[in-house]
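> quick one, fold the following:
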Amino acid sequence: MITLTQTAVGKVKEILDAQEPKPEGLRISVVGGGCSGFSYSMAFENAPGMLDKTYKYGDLKVFVDQASMLYLDGAEVDYVESLEGSGFKFNNPQVKSTCGCGSSFSV
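Numbers count the residues shown, from 1 in each chain. Modelled structure (predicted):
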């Protein structure tokens with residue numbers, strides 16, 4: 001299971017509502033690449049894939065493909081604002097190490 005904090009849900013809805021036409025939901029996935037091997041991807045989607053797991057947070061739908069679920073199970077997505085900047089932060093218990101820039105990870 002993947003969890004989004006209330007702050008993350010609010011920010012995704014804010015961005016989603018500004019899109020025209022409005023997508024059906026948010027896709028969260030893990031892709032190969034980065035200096036540690038994997039990185040997170042977030043993109044709006046018009047429909048879930050046949051094998052996607054769909055999570056609902058109120059009227060927000062989040063789609064996760066089966067391969068990504070192997071790496072995202074138990075993860076929490078938050079939205080943080082700080083002096084260094086703002087953005088989505090993944091707290092993933094399966095991550096063994098991250099790179100120096102913080103944008104990729106290994107399991």
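
> what segments of this protein are helices?
Assigned by DSSP state H, the helices in the chain fall at 6-17, 66-72.

> least confident of those helices, on average?
The stretch with the lowest mean pLDDT among those is helix 66-72, at a mean of 92.

> dump the helices of the chain to JSON lines, plus mean neighbour count.
All C-beta spots, glycine's among them, are computed from the backbone N, C-alpha and C. Output for the helices of the chain, formatted as JSON lines (neighbours: other CB atoms under 10 Å):
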{"stretch": "helix 6-17", "mean neighbour count": "16"}
{"stretch": "helix 66-72", "mean neighbour count": "16"}
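
> can the ones you listed go into TSV with extra columns for distance to Gly25?
Shown next, in TSV, are these (distance: least, CB to CB, whole Å):
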stretch	distance to Gly25
helix 6-17	8
helix 66-72	15
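
> do you know which of the ones you listed lies nearest Gly37?
Of all the helices of the chain, it is helix 66-72 that lies closest to Gly37, at 10.3 Å by CB to CB.

> got a list of contacts for that closest one?
Helix 66-72 is contacted by residues 2, 28-30, 38, 51-53, 64, 92, 94, 107 when judged by CB atoms under 8 Å, 6 or more residues apart in numbering.

> closest one to Thr98 among the helices of the chain?
The closest approach between Thr98 and any of the helices of the chain, judged by CB to CB, belongs to helix 66-72 at 13.2 Å.

> residue ranges of the strands in the protein, please?
Counting by DSSP state E, the chain has strands at residues 3-4, 25-32, 38-45, 53-57, 60-64, 76-82, 85-91, 97-98, 105-106.

> any idea how far the third one is from the middle of the chain?
To tie it back to what came earlier, the one meant is strand 38-45. Here strand 38-45 is found 6 Å from its chain centre; the criterion is CA atoms, centre = their mean, to the nearest Å.
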